[in-house]
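# Provided below for reference: sequence and predicted model.
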Amino acid sequence: MRFLRDALLTLLLLLVAVLVVGYALVGNLFSAATAPGRLESAVAVRVRNLSIPSEARQARNPFAGQKDAWREGADHFGDHCAVCHNNDGRGGGEIGPHLYPRVPDMTRPRTQDLTDGEIFYIISNGVRWTGMPAWKDDHTPEETWRLVSFIRHLPSLTPDEMEQIEKASGEHHGEDSHAHHGK
Ligand code: HEC
């Protein structure tokens, strides 16, 4: 009896091993071409959020009360973040939709339900095993808080504001032809 049980268990383990290797080979386990499944994303984001220390989670944005703090943040965002997150933070950037995991639409609850402190922490430290870089060596805390203000403003960004941002980022990068100097 015991022999039979051990034999069955061994077979079962072998089957699992074959399935895992088979999935890796056939199922492109290391390909970034498809988006992660819902369960995988939910677990990964939850674990990421749990890893944020509680002091960091509770940190306050010194610009929270300032209506226009997001404007400088928008400029910065256009320079460093839009390539992945797009100017509107919705994730249609040049690179973001092709990363594994994909960049999120930051107007949605997944991002907006984070505390200001959590957003600050993520921008400063990046997210390991994803394309999200750590920015704390490049940005002062003030600059990062303004980015937080901008991310908070994203859901209510108007088309007019969007246009201003795109114009400013075009001028920055010299993409604008500056053909209408005289105007
Ligand atoms: C090279 C691509 C890349 C760049 C550049 C980048 N990000 Fe990200 N970012 C990502 C990816 C990928 C994620 C998703 C990480 C995850 O799934 O946990 C992310 C996640 C985030 C999040 C968490 C949102 C959420 O709901 O998970 C914030 C906030 C964020 N980025 C802000 C920024 C800011 C601000 C900048 C510029 C200073 C920036 N990112 C630049 C790729 C990028």
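Great, that's in hand. What you are looking at is a predicted structure, and each value in this text was computed from that prediction instead of being measured. Residues are numbered from 1 along each chain as shown.
# what's the helix or strand for the residue most central in space within the chain?
Closest residue to the average C-alpha location of the chain: Val103 at 4.5 Å, with Cα atoms, centre = their mean. Assessed by DSSP states H and E, Val103 sits outside every helix and strand.
# residues contacting it?
Contact analysis of Val103 by Cβ atoms under 8 Å, 6 or more residues apart in numbering lists Cys84, His85, Gly91, Gly93, Gly96, Pro97, Gly131, Met132. Quick note: C-beta positions are derived from backbone N, CA and C, even for glycine.
# may I ask which of these comes out lowest in pLDDT?
pLDDT across the contacts of Val103 is lowest for Gly93, at 82.
# mind splitting this protein into its structural domains?
Per automatic domain parsing, the structural domains of the chain span 1-30, 40-172.
# my read: Trp70 touches Arg152, true?
Yes. Between Trp70 and Arg152 there is a contact at 7.1 Å, judged by Cβ atoms under 8 Å.
# the two - which one has more neighbours?
Trp70 (23 against 20; other Cβ atoms under 10 Å).
# the helix or strand harbouring that one and the ligand in contact?
Following DSSP H and E, one finds Trp70 within helix 69-80. Yes. Applying Cβ under 6 Å from any ligand atom, one finds helix 69-80 touching the ligand at Phe77, His80.
# quick check: next helix or strand after that helix?
Using DSSP H and E, the first helix or strand after helix 69-80 is helix 82-85.
# measure the residue nearest to the centre of the chain to Leu157 for me?
17 Å (Cβ to Cβ, to the nearest Å).
# stretch 30-48 and the ligand, any residue contact?
Yes. Using Cβ under 6 Å from any ligand atom, stretch 30-48 reaches the ligand at Val45, Arg48.
# show residues contacting that stretch.
With contact meaning Cβ under 8 Å, 6+ apart, stretch 30-48 is reached by Ala24, Asn28, His98, Leu99, Tyr100, Pro101, Arg102, Arg110, Ile122, Val127.
# tell me the average confidence for that stretch?
For stretch 30-48, the per-residue pLDDT averages 94.
# His153 against Trp70, yeah?
Yes. His153 is within contact range of Trp70, at 4.0 Å (criterion: Cβ under 8 Å).
# tally of neighbours for Thr158?
Neighbour tally, Thr158, other Cβ under 10 Å: 8.
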